[in-house]
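*Asks:* the following block contains a protein sequence and its predicted model.
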Amino acid sequence: MDTHDAYAPLFDYVVVGAGSAGCVLAARLSEDPSVTVALLEAGPPDASVLLHCPAGLALLAKTGQANWAYDTVPQAGLGGRRGYQPRGKVLGGSSSVNAMIYARGVPSDYAHWAAQGNPGWGWDDLLPLFRRAEHNERGADGLHGTGGPLNVADLRSPNPFARAFIEAGVQAGLPENPDFNGPSQEGVGWYQVTHRNGERCSAAKGYLGPALGRPNLKVITGAHATRLLLESRRATGVEYRRPDGSTARALARREVLLASGAFGSPQLLMLSGVGPGAHLRELGIPLVHDLPGVGESLHDHPDVVQVVDLPGATELFGLSFAGVPRLLRGVGEWRRSRTGPLTTNFAEAGAFLRTRPESAEPDVQLHFVIGKLVDHGRKTVFGHGYSCHVCLLRPASRGRVRLASADPLAAPAIDPAFLAEREDVDAMVRGFKAMRHVLAQPALARFGGRETAASAAVQTDAQIETFLRERVDTIYHPVGSCRMGPGANDVVDASLRVKGIDALRVVDASIMPRIVGGNTNAPTIVIAEKAVEMIRADARAGRSAAAVSLQ
């Protein structure tokens, strides 16, 4: 990996962003030895042991390592609070710092994408790509694959309190579900995780690592993309800033593939003069193409966390004198055999449930965490306990990404518009009450845990709503800001080509017309697998990404 190019080399494809999608693009496209690929990543290589040891997630949260660590603009639905928006800044992107849960959503999520005017994006189209991408250690069947780059596994050393949560869910009336990616999503059970041999299997490890020795692939870390190079509305390359402050370029013979995520992709488009004209003129950015949908339709899963104190339960993660010996033993066990408590992803078990009987699919997801989670894990909390996330799966609220300034190194202005729509508030109130019902069942209640003071007095719907507005934040699934579709406010077509710009595609979670009902890493990987098929088809036909005229 070279971070000090002194010239502007020419590649067939330049990929911007080495997150989940970018790693897939670079690895798959470079399988063809006749094709040259450059992969630009603003962050460093994924060398830290904290990125590979699953429980290192806790220290990553506290240190801010490998993290863009954005904040939102003040949120009207949250009483003017600013939310936190962590995103991976390292090879592997957010797949190197996330909680490693493997979830796809449900077939109707993708039927919705196709119904919005996106042929080829239905469940039957994408299921073969999900199967191709994964190596599921349980084996292959009609819904799961083996032999793929992304290793999907059961937890090696599951925590007994997560088992108690599953029992509590069954006592609360939920079916026990052995596979949230199986025939039905609804129920309570263990999450499968993107682990391999007791370590994190990020997109960097699963896809990019095996490809690094290829002579036709160049990975450039410490490369902060500052603008797209555009000539006559054709993307010809990318300009980027090195860590020493110097500027370099990577040129593309065929296409530029923008894979910088729901914040970075619209930001780079706007910095390059592609986006809402009035906004760009206000900032003095020369307008290349007025594309009003860039940055619009941003949405995310709003989430709130319930924390329960359980002093003395040293099987749960927490800071205490009694818990230190277990932690030290766990370090030794992980180093020796890659087993033990440090193989946890913390959110070991969970549930998908319907808060209304008439709902066709689950509308709320629970993540049971084997520790007390406060402020995204950034706040040090003493003692032991457990937590439970309540996540709204298909929010109605829509926000936007804008530029805060014309400075390419400045953070974007992020507005997910959490709880802007009344129906989101009502659904989260129902979800919070359903979560409490689960935690109150004998399987967990027998341990004698107590809600922390922040929520203990919250009982009525009005009190729960106030609690939500004081506590809701992201669960790290932003999507939609470069939405795919045929409409005037959509940014890319069904081939992920940016409308009105030749040889440029967006390939990441920002293209989702609507967020899926579950964690977004696996769907983002499949978006990139789909893009590779379309890019190769265009190359075989002798054409690059063609511009699409706005009607």
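*Replies:* It's in.

*Asks:* spatially nearest residue to K433 (excluding sequence neighbours)?
*Replies:* I464 (7.1 Å; Cβ to Cβ, 6 or more residues apart in numbering). For glycine as for every other residue, the C-beta is placed from the backbone atoms N, C-alpha and C.

*Asks:* pLDDT of the top strand by length along the chain, averaged?
*Replies:* When the chain is scanned for its longest strand (criterion: DSSP state E), the result is strand 247-258. If you average the pLDDT over strand 247-258, you get 98.

*Asks:* elements contacting the helix or strand following that strand?
*Replies:* Moving toward the C-terminus from strand 247-258, the next helix or strand (DSSP states H and E) is helix 261-271. Using 3 or more Cβ pairs under 8 Å, 6 or more residues apart in numbering; DSSP states H and E, the elements in contact with helix 261-271 are strand 224-231, strand 247-258, strand 399-402.

*Asks:* average pLDDT for helix 261-271?
*Replies:* 98.

*Asks:* got the angle between that helix and strand 224-231?
*Replies:* For helix 261-271 against strand 224-231, the angle by axes from the mean of the first three to the mean of the last three Cα atoms, to 10 degrees is 50 degrees.

*Asks:* now helix 261-271 and strand 247-258, what's the angle there?
*Replies:* 120 degrees.

*Asks:* how far does helix 261-271 sit from its chain's centre?
*Replies:* 16 Å (Cα atoms, centre = their mean, to the nearest Å).

*Asks:* by how many degrees do the helix ranked longest in the chain and helix 261-271 diverge?
*Replies:* In the chain, with assignment by DSSP state H, the single longest helix is helix 521-540. Angle between the axes of helix 521-540 and helix 261-271 is 50 degrees (criterion: the same axes, to 10 degrees).

*Asks:* and helix 521-540, which residues are buried?
*Replies:* Neighbour counts using 16 or more other Cβ atoms under 10 Å place 521-532, 534-535, 538-539 of helix 521-540 among the buried residues.

*Asks:* how about stretch 206-216?
*Replies:* G206, Y207, L208, G209, A211, L212, N216.

*Asks:* name the nearest of those residues relative to S297.
*Replies:* Y207 (27.7 Å; Cβ to Cβ).

*Asks:* list the contacts of the closest one.
*Replies:* C23, V24, A26, A27, R28, P149, L150 (Cβ atoms under 8 Å, 6 or more residues apart in numbering).

*Asks:* before we move on, what about G377?
*Replies:* L57, A58, A61, K62.

*Asks:* go on, G487?
*Replies:* By Cβ under 8 Å, 6+ apart, the neighbours of G487 are G117, G293.

*Asks:* now do R336
*Replies:* R336 touches nothing, counting by Cβ under 8 Å, 6+ apart.

*Asks:* can you check V274 too?
*Replies:* L228, L230, V288, H289, L291, V294, V498, G500, I501.

*Asks:* show me the beta-bridge partners of the fourth one.
*Replies:* Beta-bridge pairing of H289, defined through DSSP bridges, involves V274.

*Asks:* and the strands in the stretch 401-550 of the chain, which stretches?
*Replies:* All strands of the stretch 401-550 of the chain, identified by DSSP state E, counting those that start in this stretch, fall at 413-415, 450-451, 473-474, 504-506.

*Asks:* and those, which is most packed in?
*Replies:* Most buried of the strands of the stretch 401-550 of the chain, by mean neighbour count (mean count of other Cβ atoms under 10 Å): strand 504-506, with a mean of 29.

*Asks:* is L439 in contact with Q306, as I believe?
*Replies:* Yes. Look at L439 against Q306 with Cβ atoms under 8 Å: they come within range, at 7.0 Å.

*Asks:* which residues do these two both contact?
*Replies:* By Cβ under 8 Å, 6+ apart, the residues touching both L439 and Q306 are C388.

*Asks:* adjacent strands (with direction) for the longest strand of the chain?
*Replies:* With DSSP bridges as the test, strand 247-258 pairs up with strand 10-16 (parallel), strand 234-241 (antiparallel), strand 504-506 (parallel).
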